[in-house]
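[1] requesting a structural model of the entry that follows:
(chains A, B, C and D)
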Amino acid sequence: MKIVVNTFSSVKTLCGFSEKEFNLNGKSSVGDVLNALFKEYNTLIKLKNKLLFAVNEEYCDESKILQDGDQLSIFPPVSGG
Amino acid sequence: MKIVVNTFSSVKTLCGFSEKEFNLNGKSSVGDVLNALFKEYNTLIKLKNKLLFAVNEEYCDESKILQDGDQLSIFPPVSGG
Amino acid sequence: MKKILLQKEQIDIEKAINEVGTEEDGAVVFFIGRPRKDSSICEVKYIEYEAFHSMAVKEIEKIINDAFQKWPITDCIVIHRFGRVELREASIIIAVSSHHREEAFSSVKYIIDTIKKTVPIWKTEFYFDGTSRVYDRS
Amino acid sequence: MKKILLQKEQIDIEKAINEVGTEEDGAVVFFIGRPRKDSSICEVKYIEYEAFHSMAVKEIEKIINDAFQKWPITDCIVIHRFGRVELREASIIIAVSSHHREEAFSSVKYIIDTIKKTVPIWKTEFYFDGTSRVYDRS
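    The predicted structure follows:
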């Protein structure tokens, strides 16, 4: 199954992409995708435990199970206002 | 000794003057002047216990002793803003 | 910066907003008071404010000084109208700037709450039926 | 009335003030957020905001709906900039009107506090020395 990961702010800088398609083998959680990203983009680890996640533009946590076609957004703590 | 009484809002309407000179015989308090006004302007009594007082533009209570040349201001509860 | 105006003219809100706040201020809180149409008696057409000018300015000054004592704020502007004020016009504006937002919120709230209690200004409501009522709690 | 804008252009504050409030509303509370010059690191020249637009608008909408649930308010406008914002320009404005002032104060405070926690918008500070820093708490 396929999902799209999009990133913002410093996560985008550390990963070097703002949007990327990922192929997942079987049942995967947000945390599974995150661990794969940590392996590929080591420097992202410095934001571990601070990162925020949204699936299809709704906040979720790492345990959220992904569905085919989901949009997973990963970003650092927000700082608007 | 002479003082000036000035009135505002409904007190002005009930007394019919906005500024008036009063001659006081001996030591007088704000309360003494007020009682004299209640005798002369009966309808003012409906505002009794609600009235506010200032001598020379500083709030005070009825016990305040007046000095020659003082400006005594009498007015109803404020409603600005 | 502290600024107090008691004026008959409409309030230039944009001017006040541009006046408050230094480059170190991250927050401006603005309060605008307007006449309300639905009084307890009947529909308000407009309001007239009467002020004991010199004392009103002194009292507003005291309140602003208190706010500066209580909170680390930078600028404060208070403008109050007198005379006739129409619906949707501002009868009062209070603008406060500060580095962080908490103190701007706290001081604007303190200033409007205290103005309504202590500043010698009175309103008379004029109704659509031609009557009017002074707010003296009698 | 509820209105949310995420825009690159400067915010027309006077327009927003004139839009909020019916004739029954006695109070308008306005919050203006501006970039601060004195960061913990060095002097800020300007700020750039990046937004996850569609989600940001949805999150602001949720916050405004919550405020309408919590307090009897009438109108609410939230405008947030993205892109480059200079010192003394508004990065965000929040305007709320209500019959009485308490609820306008409470809801504006709630809205700005919550926006700063949940709305996917990020700032990068650009300093006078040519460096910059993303606010990601890393």
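[2] and whatever helix or strand C:Val57 lives in, anywhere near chain B?
    Element membership of C:Val57 [criterion: DSSP states H and E] is helix C:53-70. Yes: shown here: helix C:53-70 in contact with chain B (C-beta under 8 Å from any C-beta of the partner chain) through C:Ser54, C:Met55, C:Ala56, C:Lys58. Using the backbone N, CA and C atoms, a C-beta is placed for each residue, glycine as well.
[3] can you tell me which of those residues has the most neighbours?
    Counting neighbours by other C-beta atoms under 10 Å in any protein chain shown, the top entry in the residues of helix C:53-70 next to chain B is C:Ala56, with 24 neighbours.
[4] quick check, C:Val15 in a helix?
    One correction, residue C:15 is Lys, not Val. Yes: counting by DSSP: H, G, I helix; E, B strand; the rest coil, C:Lys15 is part of a helix.
[5] count the residues that sit near it.
    11.
[6] can you check A:Gln71 too?
    15.
[7] tell me the pLDDT at it?
    Looking at A:Gln71, its pLDDT is 98.
[8] from chain B, how far off is it?
    Per C-beta to the nearest C-beta, to the nearest Å, A:Gln71 is found 50 Å from chain B.
[9] now that residue, what are its backbone angles?
    When read as degrees, to the nearest 10, the backbone of A:Gln71 gives phi -110, psi 110.
[10] which helix or strand contains C:Val29?
    Secondary structure from DSSP H and E places C:Val29 in strand C:27-33.
[11] isn't A:Val4 right up against A:Lys20?
    Yes: at 7.2 Å, A:Val4 and A:Lys20 qualify as touching, with contact defined as C-beta atoms under 8 Å.
[12] enumerate the residues of chain A near chain D.
    So far as C-beta under 8 Å from any C-beta goes, chain A lies against chain D at A:8-11, A:13, A:46-47, A:50, A:52, A:54, A:57, A:59, A:73, A:75-81.
[13] again, 10 Å this time
    A:6-14, A:43-44, A:46-48, A:50-52, A:54, A:56-59, A:71, A:73, A:75-81 (C-beta under 10 Å from any C-beta of the partner chain).
[14] of the residues of helix C:53-70 next to chain B, closest to chain A?
    Nearest to chain A among the residues of helix C:53-70 next to chain B, counting by C-beta to the nearest C-beta, is C:Ala56 at 36.0 Å.
[15] count of residues packed around C:Asp129?
    A total of 10 residues lie near C:Asp129 under the criterion other C-beta under 10 Å.
[16] can you tell me, leaving aside adjacent residues, what's nearest to it?
    Leaving aside its sequence neighbours, C:Asp129 sits nearest to C:Cys42 (C-beta to C-beta, 6 or more residues apart in numbering or on different chains; 6.0 Å).
[17] C:Ser97 in helix, strand or coil?
    Going by three-state DSSP: C:Ser97 is strand.
[18] any low-confidence regions in chain A?
    Of all residues in chain A, none has pLDDT under 70.
[19] in it, which residue sits nearest chain B?
    A:Gly81 (28.8 Å).
[20] would you map the helices across chain C?
    Per DSSP state H, chain C carries helices over the ranges C:13-19, C:53-70, C:101-118.
[21] redo the ones you listed as CSV? Include distance to chain D.
    Shown next, in CSV, are those (distance: least, C-beta to the nearest C-beta, whole Å):
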stretch, distance to chain D
helix C:13-19, 5
helix C:53-70, 15
helix C:101-118, 6
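[22] tell me the most buried of the ones you listed?
    Ranked by mean neighbour count under mean count of other C-beta atoms under 10 Å in any protein chain shown, the helices of chain C are led by helix C:101-118, which reaches a mean of 20.
[23] who are the packing partners of that helix?
    Packing contacts for helix C:101-118, counted by 3 or more C-beta pairs under 10 Å, 6 or more residues apart in numbering or on different chains; DSSP states H and E, involve strand C:27-33, helix C:53-70, strand C:73-81, strand C:92-98, strand D:27-33, helix D:101-118.
[24] excluding chain neighbours, what is closest to the residue nearest the centre of chain C?
    In chain C, the C-alpha nearest the mean C-alpha coordinate belongs to C:Ile92, at 3.1 Å (C-alpha atoms, centre = their mean). Spatial nearest neighbour of C:Ile92, excluding adjacent residues (C-beta to C-beta, 6+ apart): C:Gly33 at 4.2 Å.
[25] bridging residues for the one you found?
    Following DSSP bridges, C:Gly33 is listed with bridge partners C:Ile92, D:Ala27.
[26] verify the stated contact: it with C:His80.
    Yes: using C-beta atoms under 10 Å, C:Gly33 is in contact with C:His80, at 8.7 Å.
[27] name the residues contacting each of these two.
    B:Gly80, B:Gly81, C:Ala90, C:Ser91, C:Ile92, C:Ile93, C:Ile94, C:Ile115 (C-beta atoms under 10 Å, 6 or more residues apart in numbering or on different chains).
[28] most neighbours of all the residues you listed, which one?
    C:Ile94 leads these on contacts (other C-beta under 10 Å) with 28 neighbours.
[29] residues in contact with the residue in chain C that chain B sits nearest to?
    In chain C, the residue found nearest to chain B is C:Ile121; the distance is 2.9 Å by C-beta to the nearest C-beta. Applying C-beta under 10 Å, 6+ apart, one finds that C:Ile121 lies in contact with B:8-9, B:75, B:78-81, C:6, C:49-53, C:55-56, C:59-60, C:80-82, C:91-92, C:115.
[30] one more pass at 8 Å, please.
    Contacts for C:Ile121 (C-beta atoms under 8 Å, 6 or more residues apart in numbering or on different chains) come out as B:Val78, B:Ser79, B:Gly80, B:Gly81, C:Tyr49, C:Glu50, C:Ala51, C:Phe52, C:Ala56, C:His80, C:Phe82.
[31] need those in a markdown table with distance to A:Val33, can you?
    Formatted as a markdown table, the contacts of C:Ile121 follow (distance: C-beta to C-beta, whole Å):
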| residue | distance to A:Val33 |
| --- | --- |
| B:Val78 | 64 |
| B:Ser79 | 62 |
| B:Gly80 | 60 |
| B:Gly81 | 56 |
| C:Tyr49 | 63 |
| C:Glu50 | 69 |
| C:Ala51 | 66 |
| C:Phe52 | 70 |
| C:Ala56 | 65 |
| C:His80 | 59 |
| C:Phe82 | 65 |
